[in-house]
Structures are given as structure tokens and as C-alpha cells.
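1. could you work out the structure for the sequence below:
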Amino acid sequence: MSDDATRSPFHDIAASQGGSHAEDGGWMWLEGFGDLAHEYAAIRDDVAVWDVSPLNKWEFRGPDAIRAVQRAFSNDALGLAVGQARYGALLDADGLVVDDATVFNSGTPDHCWVMTNGSDHEEFFAELVAGLDAGFEWVTPSMPHLGVIGPRSREVVQKLTDEDLGSLRYFWFVPHPVSVGGVQVHLSRTGYGGELGYELFLVDPADAETLWNAVVGAGAVPIGTDAIEVARIEAGLIIYGYDYEPHERTPYDLNLDKLVHLDRGLGFAGEDALRAVAADPPHRFVTLRLESDELPEYGAVVTQDGQEVGVLTSPTDSPRFGKIGLAVVDSAQASVGTTLGVEVGDEVVPATVDVLPVYDTDKKRPRA
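-> Numbering: from 1, shown residues only. Model prediction:
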């Protein structure tokens, strides 16, 4: 454990209840509580809570705040209603993904939040605000938050608030602080893992222990990133640094087609470059079912007839689907049912292309 790694305000209460942590990206992330099967089952069949505080949060301010974000955002940020969030890709001038991000329109004059995986975006964001009446600030330490996820997440969060969660739509949030468990939070119907879920962003980090105890006391099972990793691979959700590296892939390589709006005149970076590949993307993102006793490594080579045709970006051993993985493969090999191979040590094991995502393919559960 590094003495320099940042601990979230939820660190101590989670550790006191058996949570283990590991350093990643300068933060101590909560990995789990020693029973992966139980934590996974809570996500899929019940309700779970996890500490998502290290997710990077940025505040853009000024009359041109959302316009500045739109300069690099593949989705329609300018069209966001008050209390609405949209997910998409942040792009460079060549149309390559810098990060995937969610933009929140808070409704407060001249203000929006941008949530990203990476933290080293100061120069990139400085270019976005250049020449505009806007500025930005990294606000991650002041917005620690919990993710509440699972089919019973609405039931559990509703116990803790007077806000009507039945009227809060998917990828919308309450544009003012509300009381949850007796503390003030920004309440959002967003999440990560392929289930109905809510995110609770603390207004005051000092309230972390109170919020944690309230959510756990209402019935949520504490979990960590080990369980989330299984769920997100099943759900076909990408993660920075594993499924892609900055400035290396287009959104089409990651099947983010529906989040790239080339027809709305948004003027985001890389539009022309993406038009050149949109009709016939050279690579596609797929699920692979793996026939192997040993799980391949992240980044394992994918082959067909001895020729490299892609990369296995994220493997996992799923309780429901067995050994599976997310992969970027050449478009010619991306059809469901295609037989490929994946390098595992000195061997090549069989793999079959399946639908993406393999879990809840139509993504009905998060919208329930």
C-alpha cells in the first residue's frame, strides 16, 4: 500500500466491515469483502452498494461550459435538458477516444459536471475552454459517492428519501441536493454493471459514514470492484486502460456507434475522420466465449487460422456464462458464431464470438 494513495471518505467504514483495498490510479479502491459469489449475486439478484468515489469528476463553469464540453463529446451535450445526463466518448482531433464520459446538466446557470475514468485531462480540457467564456476544475475529492445497484436498488434507496424515485428516468438526476439517509446528496439514476441503479454524490464528504451505514442498514450488500468487474464484462461495458488506451481507438472499435452523432452539427473533434470510417468500421467490439480451463490474460492475442485478428481486452470467469471476455476484433471476424482462438500461455484455446452484451442483450434491466 502506498502512503501517497488517496483514501476515499468511505475507506475506513468499509475496512472496518471487512473490506479490502488496493491502489489503482493514485486511489485506494475497495476491492471486496472476501465472498465474490455473494457480492456478484447481490448485484444480479438483490441490491449492492460500492464506493465509486475515485471516479474522476470535473466541474465546468461559465456561460460556455456545455459548449466547451461539446467540442470533444461525441454525444449531444448541447441538447441536454436540466437534470439529464448523457454518456459518450471524448475525442481527439483524429476522432480517437481520449476517455469515455458522462455529462450532467445540473440546471445551475453556467454549470455542468463531467465524469471521466482518467484524471490527467488538464491540458485536454484547457484546449476545450480556450477562447470560450468557461473554465473547469477537478472536483473528485469534494464529491465522494456510492453506487447502489441491483433489482432492489429502487426499493432500498426509496426507503431513505422522500424523493419520488418512480418518476426519475434512466440517465436523469435530481438537479438539486436531496436528503438520502439523513444527509444531502445529488441523486442520479445512473450506474455501472448492467442493472437498475442509483448514484449518491455527497454534498459534504464528512457525511460519508452516515450515508454508508444508512444504505447498508436499509439492506444493500457491500461489494467491491472485483464483483463489479465480472458484472461489467457480462454487460459489455468498457473501462479505460483495459478495453482501450487513450488516442488509440475510434468509438466504432468499441461499438459506441449510437453515441456518435455525426448528423446534428455538433462540431465535435474528429467528426470528419469518423465519417470516413462510420459506414464500414474496420474493427468491432464483441463478447468471446472461451473454451479454456485457464483464464487468458488481459490483452491476450486473438487469432484465426494462425493470424492475429484482434485482442482480448477484458476476460472474466462469469458465474452465469463461464469464461468469457470482451474483445476488439477485425470486422470480418465479428459475426456471432465465428470461431477464433485466444492465446493462453503457449497455447491457443478455442473461442466463439457471441452477442454484446451477453447479459441482458437488449439492456432492459437498467431501464426497468
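2. okay, now the unreliable bits of the stretch 51-200 of the chain?
-> Along the stretch 51-200 of the chain, no part satisfies pLDDT under 70.
3. what ranges does it have for its helices?
-> Assigned by DSSP state H, counting those that start in this stretch, the helices in the stretch 51-200 of the chain fall at 65-70, 122-129, 153-159.
4. deepest in the core, which of the ones you listed is it.
-> Mean neighbour count, computed with mean count of other CB atoms under 10 Å, is highest for helix 65-70 among the helices of the stretch 51-200 of the chain, reaching a mean of 24. In short, each C-beta sits where N, CA and C put it, glycine included.
5. how about residues contacting that one?
-> The contact list for helix 65-70 (CB atoms under 8 Å, 6 or more residues apart in numbering) reads 60, 62, 76-78, 80, 103, 105, 110-112, 114, 125, 128-129, 132, 134, 136, 266-268.
6. can you give me how far it is from the chain middle?
-> Centre-to-centre, helix 65-70 and its host chain are 21 Å apart (CA atoms, centre = their mean, to the nearest Å).
7. from the contacts of helix 65-70, which would you call buried?
-> By neighbour count, with 16 or more other CB atoms under 10 Å, those hold 60, 62, 76-77, 80, 103, 105, 112, 114, 125, 128-129, 134, 136, 266, 268 as buried.
8. residue 175 and residue 166, how far apart?
-> Per CB to CB, to the nearest Å, residue 175 is found 18 Å from residue 166.
9. which one's more surrounded, the two?
-> More neighbours surround residue 175 than the other of residue 175 and residue 166, with 18 against 8 (other CB atoms under 10 Å).
10. for the closest residue in space to residue 368 that isn't next to it in sequence, give me its contacts.
-> Nearest residue to residue 368, sequence neighbours excluded (CB to CB, 6 or more residues apart in numbering): residue 196, at 5.0 Å. The neighbourhood of residue 196, defined by CB under 8 Å, 6+ apart, consists of 149-151, 153-154, 365-368.
11. pipe these into CSV and attach distance to residue 213 per row.
-> Listed next are the contacts of residue 196 as CSV, based on distance: CB to CB, whole Å:
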residue, distance to residue 213
149, 18
150, 18
151, 23
153, 17
154, 20
365, 28
366, 26
367, 30
368, 27
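12. top of those residues by neighbour count?
-> residue 149 (31 neighbours).
13. show me the beta-bridge partners of that residue.
-> Counting by DSSP bridges, residue 149 is bridged to residue 48, residue 197.
14. so for stretch 352-359, what gets flagged as buried?
-> By neighbour count on 16+ other CB under 10 Å, the buried set for stretch 352-359 is 353-354, 356-359.
15. likewise stretch 317-330?
-> Buried residues in stretch 317-330, counting neighbours by 16+ other CB under 10 Å, are found at 318, 321, 323-330.
16. how close does the closest residue to residue 282 other than its chain neighbours sit to residue 317?
-> Residue nearest to residue 282 in three dimensions, not counting chain neighbours: residue 331, with 5.8 Å by CB to CB, 6+ apart. Between residue 331 and residue 317 the distance is 28 Å, computed by CB to CB.
17. over to residue 362?
-> Distance, residue 362 to residue 317, using CB to CB: 24 Å.
18. now residue 61
-> According to CB to CB, residue 61 and residue 317 sit 44 Å apart.
19. cool, and residue 68?
-> According to CB to CB, residue 68 and residue 317 sit 42 Å apart.
20. over to residue 154?
-> Residue 154 is 30 Å from residue 317, by CB to CB.
21. residue 32 now?
-> Residue 32 is 15 Å from residue 317, by CB to CB.
22. residues of stretch 279-292 that come out buried?
-> Buried residues in stretch 279-292, counted by 16+ other CB under 10 Å: 281, 283-290, 292.
23. ok now it, how far from the chain's centre?
-> 20 Å.
24. quick one: contacts of that stretch?
-> By CB under 8 Å, 6+ apart, stretch 279-292 touches 236, 238, 243, 249-250, 252-255, 257, 296, 302, 310, 312, 315, 321-331, 334, 340, 342, 344, 349-358.
25. cool, stretch 26-41 as well?
-> Here stretch 26-41 makes contact (CB under 8 Å, 6+ apart) with 1, 4-8, 10-11, 14, 17-23, 48, 50-51, 53-54, 119, 221-227, 230-231, 319.
26. how far does that stretch stretch from one end to the other?
-> 29 Å (CA to CA, to the nearest Å).
27. burial count for residue 162?
-> By other CB under 10 Å, neighbour count at residue 162 equals 8.
28. tell me the contacts of it?
-> Counted by CB under 8 Å, 6+ apart, residue 162 has contacts 178-179.
29. just residue 218 next, same as before
-> Contacts of residue 218 (CB under 8 Å, 6+ apart): 156-157, 159-160, 181.
30. can you list the domain ranges for this structure.
-> According to automatic domain parsing, the chain comprises the domains 11-53+143-233, 282-354.
31. mind checking the longest strand of this structure?
-> Criterion DSSP state E: the longest strand present in the chain is strand 307-318.
32. what is it packed up against?
-> With contacts defined as 3 or more CB pairs under 8 Å, 6 or more residues apart in numbering; DSSP states H and E, the packing partners of strand 307-318 are helix 225-234, strand 283-290, strand 300-304, strand 322-330, strand 339-344.
33. got the buried residues for it?
-> Across strand 307-318, burial judged by 16+ other CB under 10 Å covers 309-316, 318.
34. contacts for stretch 165-175, please.
-> Contacts of stretch 165-175 (CB under 8 Å, 6+ apart): 82-87, 104-108, 154, 157-158, 163, 186-190, 198, 366-367.
35. what about the buried ones among the contacts of helix 65-70, which are in strands?
-> 60, 103, 105, 112, 114, 136.
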